[in-house]
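>>> Quick one: sequence and predicted model below, then my questions.
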Amino acid sequence: MESFYLAWINLVENLKILVRVPEEIRDSFWEQLLDNNRRLMTVISILAALVQAVNIFHVLMGSESGLETLNNRIYFAFYCTFLLINLGFLAAQEIFRKKQWKKRQIFLQGGYCAVGVVWNCMLNYYDITKAQDGWNLSVIVTCIMGSAIIVQALPIYALSVYGGASLAFSLAAFPYIQFGGLINVTVAGGMAVIASSARYWYKVKELSQQREIRKINQQLIKEGEELSLSLEKIRLLMDKMDHIIYEWDIEKGQISFSAKWIDKFGEDTQITDDLQWLEQTRCMTSEEKGKLLNGVEKAMEQKKIFEEEIQLTDKEGSTQWYLLRLYFQYGKDGEARSGVGFLINIQKQKEELETLEGEMSRDYLTGVMNRKGIQEYAESELKKKDRDRQMAMILIDLDNFKKVNDRYGHPFGDQVLIRTGERLSEIFRSCGFVGRIGGDEFMAVLAVKDQEELKDRIRELRDCPVLLEQQGEMVKTEFCAGTAVAAPEDTYQTLYQKADQALYKAKNTGRGETYLAG
């Protein structure tokens, strides 16, 4: 019973951090949050105001009907409202900043973000209900994911705003959204909450570590400007910590690492010539060395804490990401005399962030890349200009997919899309990637040796329709495909246009047909 009670108390204490920043780092957290959000929100609000001004001009001057139609008046009201919101935010933020009203700034930033999300939800809802297009979810998905990436907030805020907005939007627009679109909106809200919470946990952990190092630094300063603590005491303190701690005597050019340095990197913990060591060490590339030197010099000039993420190679030959932080100690003349800092292995955090970014570029129904992901991959491949292999783009469209949905229902249609993603991935796995760019439209970006390899893949695509059983009937879904090979001068847009024209010709030829441009 006692162990259960202790476990319950521990759980409650851990949950408190969802709604309240730990007291020991609260001031630093809110100060950094205000500063980061203020700069980013200022840029976003200015851009948003400019966009709304352009939209208003378009309604008034670029539309033949002007404000005569109800639709134009509704859009005009949307644009004017958001323009005023952004201008009001910019004015209020500047006033609050000058008067140093920190709490009011926090509420202002949180309110602005929430209002922006609600406004975008309402605009996307109106777009969907007016156009009857259940796949037109770009506004709500982009807004929720973008806000999670840009705005730093507490997990409870992210859950309330991003999760609540996606849930409310899904419930309100349920009659108009395709089932796959509903999944995308719901998962986007969930991923936004996860991404925002991950940033929060990382920041809390980072500030907690800064606080611990600051304690060590303050302890050293108390003993005197010249760091009168003996090396034995420092070494004992450093060996008790999990991270690699180091002390740098700038005047003598000496560096002292904690014992874990030799365990991890196989190098001496006592460096007598810092510049010679930096030139000869194999744990850093020349690029990382240059970045480190420039950053340290700039930090000393500006009298700031130096912090950098660098890649280090250990004695086993494994290269991983580390967070390096260095606190300087200055003499009465303002010159840096010494410094103390630490190295933290952040490889796991890096991998977690990369995983989150990868999830943001993936279609959650089919498992293949989404439009954003496949476009970024195609653009990166075009920049490589690898002349040993030819780059090709294939646009793939399912024949009569609407009839399949109408006859067998949307859940079965979703199964067709899922199986299509699997089939296309199987066909093109060895030479490229597949993405879903629309309802029943897919794109494959390939790097092939020659035209023959490309034709083999096209033939395999044509000869492998999707077969699924429904209601005792075998349903066959074929593909129409248009293919274009990239020329040296092609951009993503020009190559896409070529493939789109090829797809158009394939559709005009008949069901299950393919066309190779050129």
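Looks like it came in fine.

>>> okay, CA-based contacts and neighbour counts for the rest of this
OK.

>>> helices or strands next to the helix or strand harbouring residue 413 in the packing?
Using DSSP states H and E, residue 413 sits in helix 410-428. Under the contact definition 3 or more CA pairs under 8 Å, 6 or more residues apart in numbering; DSSP states H and E, helix 410-428 sits against helix 179-222, helix 401-408, strand 432-436, helix 451-462, strand 466-470.

>>> Tell me which of the ones you listed is the most buried.
The highest mean neighbour count among those, using mean count of other CA atoms under 10 Å, belongs to strand 432-436: a mean of 25.

>>> Please tabulate the helices and strands packed on helix 410-428 in TSV, including the columns mean pLDDT.
Putting the helices and strands packed on helix 410-428 into TSV (pLDDT from 0 to 100) gives the following:
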stretch	mean pLDDT
helix 179-222	77
helix 401-408	86
strand 432-436	91
helix 451-462	87
strand 466-470	85
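
>>> between the ones you listed, which gets nearest to residue 125?
Nearest to residue 125 among the helices and strands packed on helix 410-428 is helix 179-222 (12.2 Å), distances taken as CA to CA.

>>> Next, the angle from the closest one to helix 410-428.
Counting by axes from the mean of the first three to the mean of the last three CA atoms, to 10 degrees, helix 179-222 lies at 70 degrees to helix 410-428.

>>> show me what contacts residue 207?
By CA atoms under 8 Å, 6 or more residues apart in numbering, the contact set of residue 207 is 25, 28-29.

>>> ok, of those, which come out buried?
25, 29 (16 or more other CA atoms under 10 Å).

>>> Any chance of the contacts of residue 207 in JSON lines with secondary structure as columns?
JSON lines is the format used below for the contacts of residue 207 (DSSP: H, G, I helix; E, B strand; the rest coil):
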{"residue": "25", "secondary structure": "helix"}
{"residue": "28", "secondary structure": "helix"}
{"residue": "29", "secondary structure": "helix"}
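
>>> Let me know the closest of the contacts of residue 207 to residue 116.
Residue 116 lies nearest to residue 29 out of these, by CA to CA, at 23.6 Å.

>>> so whichever strand in the chain runs longest versus helix 179-222, what angle?
Assignment by DSSP state E gives strand 319-330 as the longest strand of the chain. Relative orientation of strand 319-330 versus helix 179-222 (the same axes, to 10 degrees): 40 degrees.

>>> got the buried residues for strand 319-330?
Counting neighbours by 16+ other CA under 10 Å, strand 319-330 gives 321-330 as buried.

>>> Quick one: list the elements packing against it.
Using 3+ CA pairs under 8 Å, 6+ apart, strand 319-330 sits against strand 306-313, strand 336-345, helix 347-360.

>>> Can you tell me which of the ones you listed has the worst average pLDDT?
The weakest mean pLDDT among these belongs to helix 347-360, with a mean of 67.

>>> which stretches of the stretch 351-500 of the chain have low pLDDT?
Along the stretch 351-500 of the chain, segments meeting pLDDT under 70 span 352-360, 385-387.

>>> Apply 80 and report the result again.
Along the stretch 351-500 of the chain, segments meeting pLDDT under 80 span 351-361, 384-388, 471-472.

>>> circling back to that earlier point, which one of the buried residues of strand 319-330 is nearest residue 404?
Ranked by distance to residue 404 (CA to CA), the buried residues of strand 319-330 are led by residue 321 at 49.4 Å.

>>> What does the pLDDT read for that closest one?
In this model, residue 321 carries a pLDDT of 86.

>>> now it, which residues is it bridged with?
Beta-bridge partners for residue 321, by DSSP bridges, are residue 311.

>>> what's it in contact with, if anything?
Residue 321 sits next to 309-312, 345-347, 350 when contact means CA under 8 Å, 6+ apart.

>>> Looking at the contacts of residue 207, which is nearest residue 361?
Comparing these against residue 361 with CA to CA places residue 29 closest, at 29.9 Å.

>>> Name all residues that make contact with the closest one.
Residues near residue 29 by CA under 8 Å, 6+ apart: 21, 203-204, 207.

>>> List the contacts of the closest residue to residue 272 other than its chain neighbours.
Counting by CA to CA, 6 or more residues apart in numbering, residue 254 is the residue found nearest to residue 272 once chain neighbours are left out, at 4.6 Å. Residue 254 makes contacts with 248, 270-274, as judged by CA under 8 Å, 6+ apart.

>>> Of those, keep whichever come out buried.
With burial judged by 16+ other CA under 10 Å, the buried subset of the contacts of residue 254 is 248, 270-271, 274.

>>> okay, the helices and strands packed on strand 319-330 in JSON lines with mean neighbour count and distance to residue 450 next?
Listed next are these as JSON lines, based on neighbours: other CA atoms under 10 Å; distance: least, CA to CA, whole Å:
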{"stretch": "strand 306-313", "mean neighbour count": "18", "distance to residue 450": "38"}
{"stretch": "strand 336-345", "mean neighbour count": "20", "distance to residue 450": "44"}
{"stretch": "helix 347-360", "mean neighbour count": "14", "distance to residue 450": "30"}
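
>>> which one of those lies closest to residue 165?
The closest of the helices and strands packed on strand 319-330 to residue 165 is helix 347-360. By CA to CA, the value is 17.9 Å.

>>> Tell me who's in contact with residue 485.
Counting by CA under 8 Å, 6+ apart, residue 485 makes contact with 390-393, 495, 517.

>>> Which of the residues you listed fall in helices?
Cross-referencing these against helices under DSSP state H gives residue 495.

>>> Residue 110: which of the contacts of residue 485 is nearest?
residue 495 (42.2 Å).

>>> Identify the residues contacting that closest one.
Residues near residue 495 by CA under 8 Å, 6+ apart: 393, 484-486.

>>> now do residue 450
Shown in contact with residue 450 (CA under 8 Å, 6+ apart): 389-390.

>>> 7 Å - rerun?
Residues near residue 450 by CA atoms under 7 Å, 6 or more residues apart in numbering: residue 390.

>>> For it, grab phi and psi.
phi -160, psi -180 (degrees, to the nearest 10).

>>> Check the gap between it and residue 392 for me.
10 Å (CA to CA, to the nearest Å).

>>> Repeat that for residue 88.
Counting by CA to CA - residue 88 and residue 392 are separated by 49 Å.

>>> more neighbours, these two?
Remark: of residue 88 and residue 392, residue 392 carries more neighbours, 23 against 13, as counted by other CA atoms under 10 Å.

>>> tell me the phi and psi of the nearest residue to that one once chain neighbours are set aside?
Nearest residue to residue 392, sequence neighbours excluded (CA to CA, 6+ apart): residue 485, at 4.3 Å. With angles defined as degrees, to the nearest 10, residue 485 sits at phi -100, psi 130.
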